[in-house]
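Visitor: missing the sequence, but the structure's below:
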């Protein structure tokens, strides 16, 4: 299976981030599930990730990454120029995560939230784990 990105399905910023990735993931490497979905909850449990996590989660095989580490690992697999953002992985994670956490803690206030998770388009539905 391809790598999986878990995201906050009611967060407008998170949904926009998923749309951004979908448009730039030309190899269709990533599949998606919202943290609120049954598939998302099962993956959190399987990998021992707390259900109340306040982060994007990237699952690659048996490993998972959160916060800025997840975002930068995703960037390295997107089309140029976004691959170059992965250079920030050389900045120590505690420093990178300060900026990540500021956005995560304010995402509903700054970007709003939806009452329900987004519905994928027919073209992208196959890349979402809960979509039939």
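Guide: Now that the structure is in, tell me what you want to look at. If you're wondering where the values come from, they're calculated on a predicted model, not measured in any experiment. Numbers count the residues shown, from 1 in each chain.
Visitor: Can you tell me the element residue 59 falls in?
Guide: Assigned by DSSP states H and E, residue 59 falls within strand 57-60.
Visitor: Can you give me the buried ones in that strand?
Guide: For strand 57-60, a neighbour-count test (16 or more other Cβ atoms under 10 Å) marks 57, 58, 59 as buried. C-beta: built from backbone N, CA, C; applies to glycine.
Visitor: residues in contact with it?
Guide: 3-7, 35, 43-44, 47, 49, 64-66, 69-70, 73-74 (Cβ atoms under 8 Å, 6 or more residues apart in numbering).
Visitor: and of the buried residues of strand 57-60, the nearest to residue 27?
Guide: Residue 27 lies nearest to residue 58 out of these, by Cβ to Cβ, at 15.2 Å.
Visitor: Spatially, and excluding backbone neighbours, which residue is closest to that closest one.
Guide: In this structure, residue 58 finds its nearest non-sequential neighbour in residue 70, 3.9 Å apart by Cβ to Cβ, 6 or more residues apart in numbering.
Visitor: where does the host helix or strand of the one you found sit relative to the chain's centre, distance-wise?
Guide: Using DSSP H and E, residue 70 sits in helix 67-75. Distance, stretch centre to chain centre, for helix 67-75: 8 Å (Cα atoms, centre = their mean, to the nearest Å).
Visitor: for it, what is the average pLDDT?
Guide: The average pLDDT for helix 67-75 rounds to 93.
Visitor: Equivalent analysis for stretch 22-39, please.
Guide: Stretch 22-39 shows a mean pLDDT of 92.
Visitor: The nearest residue to residue 124 once chain neighbours are set aside: what secondary structure?
Guide: Leaving aside its chain neighbours, residue 124 sits nearest to residue 22 (5.6 Å; criterion: Cβ to Cβ, 6+ apart). Classification of residue 22 using DSSP: H, G, I helix; E, B strand; the rest coil returns helix.
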